[in-house]
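Engineer: okay, here's the prediction I keep looking at, along with the sequence it came from:
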Amino acid sequence: KSYGEELNTKKFPKDFMFGAATASYQVEGAWNEDGKGENNWDHITHLVPSPILNNDTGDIACDSYHKYKEDVSLLKELGVDFYRFSLSWSRILPSGFDNEVNQLGVEYYRNLIKELRAHNITPVVTIFHWDLPQTIQDLGGLQNDFFIDRYVDFARVCFREFGEEVKYWITFNEPSSICYLGYGRGWLMGLASSPGIGEYLCDHNLLRAHAKAWRMYDDEFRKSQNGVVGISISGDWIEPSTDSSADLEASETLLQFTFGLYIHPIVHGDYPEVVRTNVDKRSVLQGFSQSRLPRFTQEEVQLIRGTSDFIGINMYTTSLVTPRGSDNISDISFEADTGVTSWKPEEWENSGSSWLKVYPKGARQLLKWLGSNYKGVKLIITENGYSDNNGTLEDDKRISYYQRYLSNIRDAMEFDGVDLFGYTAWSLLDNFEWISGYSQKFGLYQVDFNSPNRTRTAKKSAKWYSKLTRTKCIVDDCTE
Ligand SMILES: O=S(=O)(O)CCCN1CCN(CCO[C@@H]2O[C@H](CO)[C@@H](O)[C@H](O)[C@H]2O)CC1
């Protein structure tokens, strides 16, 4: 049974920021309008046969490209301090390269940002949330170090075009989903999977691209624009399946392979010890003359260290872990490199997503682990939310999920000294849930995908959230 059910703390500090999030490919639609170029998701969802459930596509999605003013009115109704959204690279740079800037694409984001600021809502902009120009994916995408400078070129265009109004930037959304799922298991990017090899090339290039973009902002834009640049890291809290030392060590190992793989280089400069050692050792045993995990040069270690003004955390759920029984050395994969096996017990509380089991205590444990491993790093929850499959307006389960998770998050701040400055609900709207299509609903607002109007309707959770943003209180009455 998941624990952390009791609501200890219920009230957030008055300056704590609450927001809501979406992502470009999941809500915008207008996939080929006003000069936008094709991206990997246009490509993947148009494959025949399609790998997407029900052959769903983001061709229209929530039609936020045309309905962004309505979206902002919903955000106003929610009373959020900020709105986290992402930029479609191929809407701004149709060829993927900075040889041609699509002014209509730039205008769309300019108008959205203007509308937000007119309603006193702070824009929090994710530069890359998984939609990659197909031209760059065709060149190997993030597995090719050619990607690094293409990304920095794109980031420079974003800072230049929007940086006067945008002060919060996120370079990448969920490196592990991009690299491990995208190139390791062929899920999110090109469907060509390269477990244990392509995914590490992706990690290595993504970290260097992030660092170069942060340095470029620091050198060329920070003085005049005075913003902050971070990154959003996702992963499960990894709970030892027993309190044996082997399980405790297995938990630490998997946390280092999921969170540490990205945050350790950004904070300390290089990969975590256990990641380096495990992959190097297994690569040698497998006959590789070079480790499958590339090495940073000393110069790159200096380049990457200290390249984040904050760390965003996307948290949803928890996994149990234990060491793997034996090591089949011919198994070239991330999972084998970790040396552990993780799972989610059947009996844990469900959601509308098989991978999302409800385990509120994990929220506190994860923040505590991050706070103690990366002292002095400012944290913000850039995604947390709950799915169902029917999009019901009477979404009491979503409210309960949010209350229990938020209380545990508040506990981490109150009792574990975690330095957290904001929280983001995923998502503002029901939207395109990647290869699950529209079958999983995460929105505070229901979207009617059968109507050409893509009608938005407030769920019960939207009314609850709009009270939370104003009272900072997660229950009806906080006068304890
Ligand atoms: O069981 S499997 O291993 O075969 C599938 C695991 C797939 N999950 C999907 C969710 N993702 C993190 C959350 O992903 C995030 O959260 C939202 C909800 O998913 C997305 O809509 C956002 O775009 C994304 O940022 C981690 C990987």
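Structural biologist: Received it, and whenever you're ready, just let me know what you need.

Engineer: pLDDT score assigned to Trp187?
Structural biologist: As summarised for this prediction, Trp187 has a pLDDT of 80.

Engineer: one more: Gly4?
Structural biologist: Note on Gly4: pLDDT of 67.

Engineer: for Leu7, same thing?
Structural biologist: For Leu7, the model assigns a pLDDT of 81.

Engineer: wait, what's in contact with it?
Structural biologist: By Cβ atoms under 8 Å, 6 or more residues apart in numbering, the contact set of Leu7 is Gln403, Arg404, Ser407, Ile474, Val475. Backbone N, C-alpha and C define where each C-beta goes, glycine included.

Engineer: which one of the residues you listed is nearest the ligand?
Structural biologist: Arg404 (18.1 Å; Cβ to the nearest ligand atom).

Engineer: find the closest residue to the ligand in the stretch 1-150 of the chain.
Structural biologist: Ranking the residues of the stretch 1-150 of the chain by distance to the ligand (Cβ to the nearest ligand atom) places Ala23 first, at 5.0 Å.

Engineer: other SSEs contacting the helix or strand hosting Arg364?
Structural biologist: The secondary structure element spanning Arg364 is helix 361-373 (assigned by DSSP states H and E). Other helices and strands packing on helix 361-373, by 3 or more Cβ pairs under 8 Å, 6 or more residues apart in numbering; DSSP states H and E, are strand 237-240, strand 311-314, strand 318-323, strand 379-384, helix 396-416.

Engineer: for whichever residue of the stretch 251-400 of the chain sits closest to the ligand, give me its contacts.
Structural biologist: Scanning the stretch 251-400 of the chain for proximity to the ligand using Cβ to the nearest ligand atom identifies Trp355 as nearest, at 3.9 Å. Taking Cβ under 8 Å, 6+ apart as the contact definition, Trp355 lies against Tyr316, Thr317, Lys344.

Engineer: now the residues you listed as JSON lines including neighbour count and pLDDT?
Structural biologist: JSON lines is the format used below for the contacts of Trp355 (neighbours: other Cβ atoms under 10 Å; pLDDT from 0 to 100):
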{"residue": "Tyr316", "neighbour count": "26", "pLDDT": "98"}
{"residue": "Thr317", "neighbour count": "22", "pLDDT": "98"}
{"residue": "Lys344", "neighbour count": "19", "pLDDT": "98"}
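
Engineer: ok, these vs Asn278, which is closest?
Structural biologist: Nearest to Asn278 among the contacts of Trp355, counting by Cβ to Cβ, is Lys344 at 23.3 Å.

Engineer: can you tell me the closest non-neighbouring residue to the closest one?
Structural biologist: Take Lys344 and drop its neighbours on the chain: the residue closest to it by Cβ to Cβ, 6 or more residues apart in numbering is Lys357, 4.5 Å away.

Engineer: OK, contacts around that neighbour?
Structural biologist: Neighbour list for Lys357: Ser2, Thr317, Thr318, Lys344, Pro345, Trp348, Glu349, Asn350, Ser351 [criterion: Cβ under 8 Å, 6+ apart].

Engineer: before we move on, what about Phe147?
Structural biologist: Counting by Cβ under 8 Å, 6+ apart, Phe147 has contacts Ile136, Leu139, Gly140, Gly141, Asn205, Ala209.

Engineer: that older thread, in TSV: the contacts of Leu7, plus neighbour count and pLDDT.
Structural biologist: Formatted as TSV, these follow (neighbours: other Cβ under 10 Å; pLDDT from 0 to 100):
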residue	neighbour count	pLDDT
Gln403	17	97
Arg404	22	97
Ser407	22	95
Ile474	24	92
Val475	16	88
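
Engineer: could those residues go into a markdown table alongside distance to Asp395?
Structural biologist: Written out in a markdown table, the entries for the contacts of Leu7 read as follows (distance: Cβ to Cβ, whole Å):
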| residue | distance to Asp395 |
| --- | --- |
| Gln403 | 12 |
| Arg404 | 14 |
| Ser407 | 18 |
| Ile474 | 16 |
| Val475 | 17 |
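
Engineer: low-confidence ranges in the chain?
Structural biologist: 1-4, 480 (pLDDT under 70).

Engineer: and it, which of its residues are near the ligand?
Structural biologist: Taking Cβ under 6 Å from any ligand atom as the criterion, the chain approaches the ligand at residues 23, 26, 173-174, 177, 181, 234, 314, 316, 354-355, 383, 426, 433, 442.

Engineer: which ones among those lie within strands?
Structural biologist: Judged by DSSP state E, strands contain the following of these: Asn173, Ser234, Asn314, Glu383, Trp426.

Engineer: tally of neighbours for Gly182?
Structural biologist: Gly182 is surrounded by 29 other residues when neighbours are defined as other Cβ atoms under 10 Å.

Engineer: and the gap between it and the ligand?
Structural biologist: Counting by Cβ to the nearest ligand atom, to the nearest Å, the gap from Gly182 to the ligand is 10 Å.

Engineer: residues contacting that residue?
Structural biologist: Applying Cβ under 8 Å, 6+ apart to Gly182 gives the contacts Trp130, Gly141, Leu142, Leu188, Met189, Gly190, Glu199, Cys202.

Engineer: put together TSV for those, with neighbour count and secondary structure on each row.
Structural biologist: As requested, the contacts of Gly182 are arranged in TSV below (neighbours: other Cβ atoms under 10 Å; DSSP: H, G, I helix; E, B strand; the rest coil):
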residue	neighbour count	secondary structure
Trp130	23	coil
Gly141	24	helix
Leu142	30	helix
Leu188	22	coil
Met189	26	coil
Gly190	22	coil
Glu199	27	helix
Cys202	26	helix
